[in-house]
Every structure is written in structure tokens, then in C-alpha cells.
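Q: the sequence and its predicted three-dimensional model are supplied below.
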Protein chains: 4
Amino acid sequence: MTLSVGVLGYRFMGKAHANALARLPMFFPEAPEVERSVLVGRDEDALADAADRLGFERTATDWRDVVDEVDAFYNLGPNHVHAEPSIGALEAGTPVLCEKPLANDLESAERMAAAAEKAGDGVPTATAFNYRFVPAIQYAKNLIDAGELGEIRHFRGRYLQDWLVDPEEPWSWRNDAEMAGSGALGDLGAHTLDLARFLVGDVERVSGHCRTFVDERPVEDSDETREVTVDDAYSAQAELAGGVMATFEASRFATGHKNDHAIEVHGSKGSLKFSLERLNELEVLREGDRGYQTILVTDEDDPYVEHWWPPGHVIGWEHTFVHENYEFLSAVAGESEDYQPDFADGLAVQRALAAIQESDEHGEWVEVE
Amino acid sequence: MTLSVGVLGYRFMGKAHANALARLPMFFPEAPEVERSVLVGRDEDALADAADRLGFERTATDWRDVVDEVDAFYNLGPNHVHAEPSIGALEAGTPVLCEKPLANDLESAERMAAAAEKAGDGVPTATAFNYRFVPAIQYAKNLIDAGELGEIRHFRGRYLQDWLVDPEEPWSWRNDAEMAGSGALGDLGAHTLDLARFLVGDVERVSGHCRTFVDERPVEDSDETREVTVDDAYSAQAELAGGVMATFEASRFATGHKNDHAIEVHGSKGSLKFSLERLNELEVLREGDRGYQTILVTDEDDPYVEHWWPPGHVIGWEHTFVHENYEFLSAVAGESEDYQPDFADGLAVQRALAAIQESDEHGEWVEVE
Amino acid sequence: MTLSVGVLGYRFMGKAHANALARLPMFFPEAPEVERSVLVGRDEDALADAADRLGFERTATDWRDVVDEVDAFYNLGPNHVHAEPSIGALEAGTPVLCEKPLANDLESAERMAAAAEKAGDGVPTATAFNYRFVPAIQYAKNLIDAGELGEIRHFRGRYLQDWLVDPEEPWSWRNDAEMAGSGALGDLGAHTLDLARFLVGDVERVSGHCRTFVDERPVEDSDETREVTVDDAYSAQAELAGGVMATFEASRFATGHKNDHAIEVHGSKGSLKFSLERLNELEVLREGDRGYQTILVTDEDDPYVEHWWPPGHVIGWEHTFVHENYEFLSAVAGESEDYQPDFADGLAVQRALAAIQESDEHGEWVEVE
Amino acid sequence: MTLSVGVLGYRFMGKAHANALARLPMFFPEAPEVERSVLVGRDEDALADAADRLGFERTATDWRDVVDEVDAFYNLGPNHVHAEPSIGALEAGTPVLCEKPLANDLESAERMAAAAEKAGDGVPTATAFNYRFVPAIQYAKNLIDAGELGEIRHFRGRYLQDWLVDPEEPWSWRNDAEMAGSGALGDLGAHTLDLARFLVGDVERVSGHCRTFVDERPVEDSDETREVTVDDAYSAQAELAGGVMATFEASRFATGHKNDHAIEVHGSKGSLKFSLERLNELEVLREGDRGYQTILVTDEDDPYVEHWWPPGHVIGWEHTFVHENYEFLSAVAGESEDYQPDFADGLAVQRALAAIQESDEHGEWVEVE
């Protein structure tokens, strides 16, 4: 059996997932066979070019024509077009992988999660928090679950980029509250909040702080400017399940930082640190250690590593998408029980995002449902 | 002219300042001559031993007998005994250096600052935020003041220790709200808040989060336990003057971290990072740089360095006290205009500490006066 | 026009190159089209499996049947089978990419280079020193060529692994002088010597030191042991063209190091450092800098990066093979003038390897022809 | 009983040792009492100033007048004046601490060691290899002696500075073969060779490489230049006792490196790394570890640390002199059995230095006696 995959979106994320699909046969021979069936978009010329380059059999300009024809539907469009196509696919009984954050607002995310629940266990969903699939993060998860760090006390996460430092950097949909929902918060913070939930536990209460440093930006190829209606940076304090203290932060104004997603966890017995820019490494301090061990998580028995190369031969950012696709498609093919992070996980993160925004508006702590 | 110095407190801080005083003549020959005149404490035997080892001429058991006899009075006692002796000294017209935080509560700090103001410009005061005197921090300050980082956007500070991870670690005055005022917040956070003010600007609004992980601790040499009435860890979000976003955190439960005081600053043109455990280094990213430079701040023309050793010959934690004492005593001797951080600075930090506690209690942002 | 490629060898290197070929169309659309035509090996079952997994159209058990049928021949076999098939291919006018080191002995390497020269400019050859194609290394090369480091004084290279620390680690062909030529020297040192030549200049004189720590090893699935006839580690001192002092070292006994290939260069104006385990980074100190900048070489205008992902989205070890294959196949297709490192470069490294061995045997410095 | 100390030399090393002597009473109360008795030099004015600043009671212009009057004689002059005053002191039965390297040539070092041997056990000698007294190095020594690293296979040491990169940097005695003996080799390499002997074992055979990049330098306050007759950089390969492979290197032309003395050791069970610019840290990989632990060697039970500050409060370069003086003076006072590194250790290093130079001249390996 070959799974046909339909993909909405053909830019950055389209390329990342197409590459992942293309690499499965050589490295994950046990994965279901996959056909890059149809690529969905509006601009027919650009779409045709992309389909050719990314290896799709055909193109379509309306997702409605696609969602009931494919075995899995990937929604890689901007945040404000996450809801309708995803819900449409689910109503057609088609499994859906949707990029993060799950939606541009909480209400949409709730409808998406409801649709997923209604579709039932046989129709897997995925919110594409790909950083769960970094081998070092999986290794961290195993350490924590095995109690190697003891009782967790602190979680600290931040995601730093600098692509908006220049006030002349042009406006894009990512600067628009309607389309994006939020700025650094939803785009970057969603990843951090998901890792906190994955590694430590649910976000129970938050106090948020959002900030826009540059209020309007030039529109490309025009003399006009357009308003920035999202945050350029956010920070948050939180309590996670079990009384864990947490701090979160993200910025698009952190000069010199390109894609610096870093987390730190302290438990009663040990601690760990991770940074995406050195994603093959995990720093771990276990009971009895006097300092953090800088571990290259590339040994044969490390998560996913046996599929790739010998110890010390590092992998890259894109490999997380291969792992994610492998797991999701295995679930779609019915070869694995369950897939996570699913739409329920996406919704949980969306609730935290919304709570952070609400807290920022009211200057008070907010409970996350 | 030789300045006579009276010191209240003969433990950790007593040793640090006595050492600083002892080292001035060889390394800062332009410093005023100093006499370690009198050491003040209660336990006469321990006091006599300490005076002998630390090079004091005599001892006293009541600070009242001392404050008007010396040219400078150092108050190195626990936080709850900061106010009365310091105010007593100031009323006698004696310059005072007081350990941080300035007091165990805001009201005491206000009285101390009022006494300092009343004593006037000729009676210098110091709140002993010694980390201002790390060469790398002074170098950072110079960079920021010269505009090398551009407009500052973010300040991030944290101070991690792990000495209370073990619930059997005995109770001490540092765990008591009356004596200490607060826990990690006042002991560690005060340093970070001071560096934020020094490098970037005043703390204007805060949202705080405090947490006690272990509620009672064994009393040493006893079967009893005693309540812990301070925080084991805190975090805070803040706005600094000029709209800078800031995050703060400290913990005594950060397993594996001994004295890890780290700050990071991002501006529109550059960024910097500092960690106390590598205090000879500053990481700096300037306009045109593609990555942080790891700078060893030990060149001849770096702040204070010419007094010590050739480039690359690193100094230690204790050297910050020598610099601090040099600056304060120069002010006492009337050889320099002004000394900072003074009691007004100590009060400003105390207001931020109080605001963080108040914010934590009420779950709301609090303006710092 | 589609280039057909025949590949001898289907294990580690077979997978690395097959992956590279498979990824070209999506990421290097300007590369020639390539057909994974035929996979060559002896064990027919294993070969058939590999061909299926690696995407080859057919298999062959004799390279003689292949070398004149394909547009490019990849020799990925053990060192002692580098010469004959490569020479056979060149005699048939077929371009050859051969894994490193070029041969198991100098005489074979000389014959291979002679065959390459005889085949002429229209028949490109490659010695597969893939680390030249790390973006950070290309960036380093550009800096040096542009004079950013000034006159080069020092080159320091080392390659540390630990897979032979355990004396029970079984014997393999890599432990045999006839098959491998040398041990850590040829397997690891060849890479370092190539980078020295690429970045700085030819190796002119060497003093070598080789050492075997474990003299015999168990034969897998047997009670016997077999003699280790190669070095477990080597070091060398050298003079490179222009009077550069160089030191080299490699070991399979460096406990805790998996694939730690590190180089350092000091010039009169600047310095740089690189480590393969953090291959997205280059540490650079330029004129006017006070410390090394830790540069993430993932910007759009960094070598090869625009083909992949946005800034900060790191690539892995395998990407070096994609770059290498792109460059070599472009030369095969006549779309680029010249390809390096070719067999002449492979021979130059082989001369240095031989000189190091000779120096070790005689205890004297040896000139490299 | 108070020990009187006479010191020849009042510049860099004079200050380092005077400071060490001054700090003993407060931090090492169990150390013998010491009197900075007499400072010896030629320029009476400079000498008087130095004696005043460094706390010496009197001055002398001829060491002959001093060596039999003091309880310990410190020879901190340039290398070519190490021999006669040291031998004179020993002949007077006075313990001697001499700066490193022990002498400017092997013959002088042999005479000095012979004089030490003749003086007998009651007259301790010290060659001032202060880096043995870094807590992290002592900790490393303890690990190795306890077998934590298993059988040692590799030692790698290098000492990088950059103060001669500029060809206009003026000539000094350190550039003169007669006065200094050698350049980077003796000044920096002597420290590395001593650490190799201390941590791992005797240097048995060497192959050396020396190089002078700039042949003549301007004489300060003059229009003339003077010849540089020592090496600007050296490298060496060696075999240490027990078959350990070793590599050594030092340079005064390593742009960007100020005082970067780094060593690495690999054993069959573990490895370690140290760098002087982060002297409070040791990186250790033990059996069962997956990566190097970055250990802050500042715990209460770490070597010498209890004398200083609480965990995480780092010490500096100068503290190594305090430890060295404490140990040496304890031996002088008869309170400890033995002191090392003594003149015999200094001679052993001098033999290795001489062998490296001889090897460089003849292009052959040389046995170290």
C-alpha cells in the first residue's frame, strides 16, 4: 500500500516536508511507501515550478478538491488558513498534519481539535512541533521519564532570532495579527511551550509580557508602510504541572541570534541544557556528576540515529522533519498506535498562547484551561 | 593621612573585605592608606580569632562604640542588622559601606537612604554590589555608554545556585523572612537588578513570581525543624527605562550551578553576554560582527587590569572587592567626587525587590516608584 | 542529458554518496541529471538489497563490466581496491571519484594519478576529501585567500576517534597494512593533510610518529586473533609551503571523541578554528577583533547555504557529500572548468602519508616530493 | 620562628611572589611566618621603589651579601643569572626557589642540580613550575593517580601567546640565546613539559622543531635592531614513560591568544582537558560518561580551595603562587617532608628542552637522558 499525500503550501515548510518524504525510503525502509501526490496553492506558475522541483505528481488550486482524495493532508499554509482546510480534511476522514501554531486564534484551534476528536482515533492528526523529534530532545525526554533528573523544579526556554532588528525589514503576514495570531509568541514561543509540555508537564498558569518595538514596516515594492499588529518579542512566567517554575521568552530582535532555541531543566537530581544551533548535543548533569556532560547524541542506540550515520557524524535541522514524517505516516498507515503531538497538543499550546496574550493585556496572571 | 576602618561582621564578607583592604597598598599604591582598626561582633572568642587572622588591631562588641571613632564603617552583618548601625554611623558623620541587599525591608532601606541624604555629599555611602567592579562588567558598561550596542531592547539576568537542593540542608538566617527579607530574590536577585540598573536603566514595572520548594528545614544540632519563610527561587519580568524588556531569575535549587550569575543584553547594533563563573571573559557582538567575540578582558587598558598582571593572567572573584574598596575609600578620602552604587542605588534595588514580592502576592504587575 | 553513475561499494560510503545523488534534484536543480545506474559488489544478495534501498537500477559483480558503460565511476571500496578499477575506468575514458586515501600505497597512487593525467582534462577525477565542502571550510578558505588572516604562521590539525580503545573491538580490514596502507594516519590523517594543503599550502617536510597500542585483535565470530599491522595513532610535525609550521595528529584511542576533526590556523592578522562535530560553526579572529567570533556559517550568502535552509537552520555531515557530488558531476557534465581535489591532490596527500611513515621508520625528517 | 626571605628580581615575578608571601597569613594561617626581608637588584632607585611597594625591609645590590643571611632565597632573575646565585645560596645551605626554566643551558642546570643534591635533603629547592599548583591540575593529578583515566595513551600540550606577532615589538633579553637559552621553547614549553612529567611521566624521546619568524627586532629607544637568536615557536613529538604518545607546541605568534596553556590527556578509561585561561575549570570524561564534564574545581574539598572562598567563587592566576609558596616554605620550615618540583625536576625539564633543540638541529629523534 502506498500513501498519497496532498500538501498545501510550497515555500519553506513545503520544501522541508517534501524533502522529508523523499528521504524516507533510503533511511526508513520500514516506513510506509509514500507518493507526493498533489501540491496545493494559488499561484499556478509558482505552484507548477514547485511541484516539479519538490517531486509532486500534480497540482491543485483548491484544497477542497484534494482533501478527500489523499491518504494524508499536510496543511503548511499561513496560520489563518490552518482551520478550514484542516477541518475539511478531517470531515472527509483524512488524517491531517498542520504546521504550528495550530491556528491564528483560540476559537479556530478549538474547532480544529473538536474536528479531530470527532474524526476519531483512526484519523491521526499532527501539530508539527518538529523539535520533539530532535534525537537530543528524545534522549532528554527519556532521561526525565526515567527519573534521572529527579523531581523537576525549573524549566527555562527561549527562542532568539534577529531578522526584524532592522526597521526597514519589510512587512509580511507574520506581522499581522489577523493572519498570524501573534508574532514571536506564536511563531517561536509555540515551539518552546510544546517542549515544556513534552518534557515536563502542562502549563497551568501564566503571566505574559508582549512588546512591539517597531510599529509599522515598509511594504515591499511600494512606498507605503503597514502596521505591525503582533508582538516582536514576548516573555512569560509560568507554573507547570507539579509546581514547576518556568520562564519563557522569544524575540525577533535578539541581535546576532539566528535560530537560537534553547531550553534548560533543573531537577532535584540533575539538570540538562539544549540549544537548537547545536542540535546534535545535549548537556546533561546527572546525580554524582560534578559538571554538565557535553554529550554528542549520535550513538547507534540514540533515538533515530541508527537510521543515519556512525557516531559523531552529525545530522541537521531538516532531519527532524524526516523523523516527524516517519512517525506520523506510520500512524496514518495504522502501523503505530498513536501519534503525538496531535491537534489536542496543538490546542493545549494555543491555550497557553492565548493566556499569555490575555495576561499581557490585563497585567495579571491567567489560568490556562 | 591614614583611614581607620571599622568592620561589623567577620565571616564570609568580613574575610572578603579584610583581604581587599590588605591588598590595596601593593596593587593600588595611589589608594588612601588604611588601617584595619576595629572588628565588631558578639562572640568574643570567635571575634578575637578573626581579628587576629584578618589583621584588625582591636575588637568591639557594640557598634555604638565604634561608628564615631572610625573614618569608615563597614556593615557586613545579616540583612536585619543593616539599618540601625548604618544609620548610627551616618548620624555620626561616618561614611558607610553596607552589604547587599541594603535592608531586610523597604522601610528600613528608606530610612537608611534618608540618613545618607541627610549626612550629605561629604559622607559617602556604598551598597556593596561588587559585581559592578568586575573588569568585564565595566568594559560592558563602557561599550553600552558609547553606543556600541545601539538602542537596548532586551536585558536577561539570572543567578543560579544549588546549595538548597537537599531538603536536609539546615535552616539558616537566610531562610527567615524577618532576618533576610527575602531568599534567592534579595540575596541573588539584588545583584542582578543592580547590574540591570547599572548597565541599562531603572526598573520601572515588574511582574514577579516567588516560590518556596522546601517549607521547613532541620535546625543544626537539634531534632527540630524550622519554617522557611522566604523564597527558594524567583523569576520576574520587567520594563526598564526606555522600554527595555527584561527578565530576571534566581534559584538556590538549580542543580549543578554553584555561583552562576549570567547576564545578556541585546541592542539594535550589538549584544553581549557575561557569566560570573568565567568572570575574566565577556562575549561581545558588535555591528559588523557575525558572531560573539569571546574576549578575555585582561588587557593592559581594560578597567583595573593594569594594577594586576599581564594580558591573559586571569583574576578571581575576590578582586572585585579590591576594586570596590579602592573606589569607596578614594571617595571617603575625598579623592574622588562621588561613589556609586550608594545607598540611593541600594534603595532603588530594594524598591524593585519589594515590588517583585508585592506583584507575586497580588498576581499583578507593580510599578516601581 | 542524464549522467549514469556506477558505484563500487555499498556500505557506509555507498549510502553517503547514494543519498547525495538522490538529493541533488530538489536542492541543486542546476546540477546535471543523474541516474543511479549500477551498483557493484561481490555478495549478490547483499548487493541486491543495497541496490534496492539505495535506488540503483541494476547490479554487477565485476567492475570491468561497468566502467566503460557509465558516465562516472565511483570507487568506494577498501583502499587496496582503489587502484585497478579506477585505472580501468580512466583507461576507458570514464571520470572517476575515488574515496580517500587515494590508495593503500604510494606506488598505486602514482599509477592512478598517471592514469588520470593520461586520460586528460576532459576526464575529471576526484579524491573524495569531502571536508573541503563544508560551508565553514569554504568560508575559511575565502578568508585566507582574501588575506584576512595575513601571512600564515601555524596550522594545527587533529582527528580524534575512540572506536579502538577497547582491545576486544574486532579486527577489520582497516587494521591491515596491505589492505588499508596505514591506520589512523591514512584513514583520518589524509583528511587533515588535505585540509592543510587546501587552506594553507603544500606539505614540504615532515617528521612522523606512528604507534600501535594493541597488537592483535579478535576475529569476529571466531576464537582467533589477527595481527594489527597499522598504526592506531600518529602525530607529525611539518613545514608547509611558505614556511608555515604545522602539527598533525590522529588517533583511534582518544577516549570520548567520536569524530573530532579539528583544525586551527594562525596568521599575522588573524586566526581561525574549526571542529567537525560543530561543522556549522567557524571561529574567526580578524584584525581588530579582541576574541574569536563564533560564527554560524548558515547565512544566505555563505557557500552552498542558499541551496538549503534559512539562517540558523543547521546542516549535517552528509551535506558535504551533496556539495562534493554537485561539483564533481558538474565537471563531468562539462559545466565547470575543473574539479579539485583530483587524483593529483590525492597523490600529493599520499606522498605526505608515505613520508610520515618513512620518517617514523627512520627517525628523521623526510622531504615530501 | 619567622622565616626571612631574600628575593632577587623585582619585576613581574617579584610582584607575583611578594604578593604570595603577603597573602599567606590570612589564608594559610598554618604556614610558617615569613618576613619579606631583602630585595636584591642592580638599579638602586627602582629597587628602593619596588621594595617599598612590595613590602621588603631592605635592599641589596649583590646577592652574595644575602644568600647566607636569609632562610630562603628566591631567584627570579633572567635565565642566565639563575645558576650562580642559586649555587651560591645552596653552598651556604640556604633553600632556593628558582624561576623556570631552571637555567639558560643544560650545563648550568646540571651544576645547579648537583649543588642541590650536595646541599642535601635539609635544604629544599624549588623550580617554580607554578601551574602544578592550580587546583584543577592537582585534581587532575589525583584522578590519574587513582586510575580513573586508566592506562594513559596520549598527552597533548600547547602554550599559545601572541606578543611577538608584530615585527616592531622591541627586542628583549627573552629574544637572546645567551640570556634566555631558548624562546617559546624554554619560556612556555618548560611549563608544558613539567606538567607532562607531573601528570603522566618522564619524557624519554623527542623530535623537535623550532622556528624563528622574525630574525631581528628594533632596540627600544634606539634606531638599531638586534638579532633574535631564539625560537619564536616550537613543536615536539615525544614518547613519555610507559609508551605514552605526546605532542607539544608553543608560540609567541598565535594571534589572539594571550596566555593559552592547554593540555589534554586520553587514557583507556577516560580523558581530561585543561586551559589556563579558564583555570578554575577541568573537563573530565570518566568511565561511563558520554561526554566531558565541565567541572568547576572550586568545591570545599578540592585542592587548596577551603583556604579561599565558597564553591563557585573563582580564583585567579596569582593564587597558584600562594599555593607554591605555601608548600615550599612549609618544606623550608621542616614542616613537610619533601618539596616538588625541585631542582632535579627542573633539570629533567632542561634535558627535554636541550633534546628538543638538538633534535631540531639534527633532524632526528633524540633520547632524553
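A: Structure received.
Q: got the residue ranges for the helices in chain A?
A: A:12-27, A:44-54, A:83-91, A:106-119, A:135-145, A:177-180, A:184, A:190-199, A:319-332, A:343-362 (DSSP state H).
Q: tell me the buried residues in the third one?
A: Going by neighbour count (16 or more other C-beta atoms under 10 Å in any protein chain shown), the buried part of helix A:83-91 is A:83, A:85-90. In short, each C-beta sits where N, CA and C put it, glycine included.
Q: now the angle from that helix to helix A:106-119?
A: Here helix A:83-91 runs at an angle of 10 degrees relative to helix A:106-119 (axes from the mean of the first three to the mean of the last three C-alpha atoms, to 10 degrees).
Q: ok now helix A:83-91, how far from the chain's centre?
A: From the chain centre to the centre of helix A:83-91 is a distance of 19 Å (C-alpha atoms, centre = their mean, to the nearest Å).
Q: the last one now?
A: Centre-to-centre, helix A:343-362 and its host chain are 15 Å apart (C-alpha atoms, centre = their mean).
Q: contact partners for the residue in the stretch 51-200 of chain A that chain B sits nearest to?
A: At 4.8 Å from chain B, A:Arg153 is the closest residue in the stretch 51-200 of chain A, using C-beta to the nearest C-beta. When contacts are counted by C-beta atoms under 8 Å, 6 or more residues apart in numbering or on different chains, A:Arg153 touches A:244-245, A:266-268, B:213, B:233, B:251, B:253-255.
Q: kindly recompute the last result at 6 Å.
A: Contacts here follow C-beta atoms under 6 Å, 6 or more residues apart in numbering or on different chains; on that basis A:Arg153 touches A:266, B:253.
Q: if I look at it, how far off is B:Glu249?
A: If you measure A:Arg153 against B:Glu249 using C-beta to C-beta, to the nearest Å, the figure is 12 Å.
Q: can you spell out the domain ranges of chain A, please?
A: Domain segmentation of chain A under automatic domain parsing yields A:2-130, A:132-315+A:343-367.
Q: mean pLDDT added to those domains, as CSV?
A: Conversion of the domains of chain A to CSV gives the following (pLDDT from 0 to 100):
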stretch, mean pLDDT
domain A:2-130, 97
domain A:132-315+A:343-367, 98
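Q: which parts of the stretch 151-300 of chain A sit against chain D?
A: Contact residues, the stretch 151-300 of chain A versus chain D (C-beta under 6 Å from any C-beta of the partner chain): A:289-295.
Q: which two among these are spaced furthest apart?
A: Farthest pair in these (C-beta to C-beta) is A:Arg290 and A:Ile295. Separation: 15.4 Å.
Q: neighbour count for these two, which is higher?
A: Between A:Arg290 and A:Ile295, counted using other C-beta atoms under 10 Å in any protein chain shown, the more crowded position is A:Ile295 (21 against 18).
Q: tell me what the more buried one is bridged to.
A: A:Leu282, D:Gly291 (DSSP bridges).
Q: so who does it touch?
A: Counting by C-beta under 6 Å, 6+ apart, A:Ile295 has contacts A:282, A:284, D:290-291.
Q: with adjacent residues omitted, what lies nearest to the spatially most central residue of chain A?
A: Nearest to the geometric centre of chain A sits A:Phe129, at 2.6 Å (C-alpha atoms, centre = their mean). Spatial nearest neighbour of A:Phe129, chain neighbours left out: A:Asp194 (4.1 Å); criterion: C-beta to C-beta, 6 or more residues apart in numbering or on different chains.
Q: on that earlier part again, export the domains of chain A to CSV and tack on distance to D:Asn259?
A: Converted to CSV, the domains of chain A look like this (distance: least, C-beta to C-beta, whole Å):
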stretch, distance to D:Asn259
domain A:2-130, 44
domain A:132-315+A:343-367, 23
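Q: what's the closest of the ones you listed to D:Val322?
A: domain A:132-315+A:343-367 (23.9 Å).
Q: endpoint to endpoint, stretch A:155-170 covers what distance?
A: Across stretch A:155-170, the terminal residues are separated by 34 Å (C-alpha to C-alpha, to the nearest Å).
Q: contacts only, for the closest residue to A:His257 other than its chain neighbours.
A: Counting by C-beta to C-beta, 6+ apart, A:Leu160 is the residue found nearest to A:His257 once chain neighbours are left out, at 3.7 Å. Taking C-beta under 6 Å, 6+ apart as the contact definition, A:Leu160 lies against A:251, A:254, A:257, A:260.
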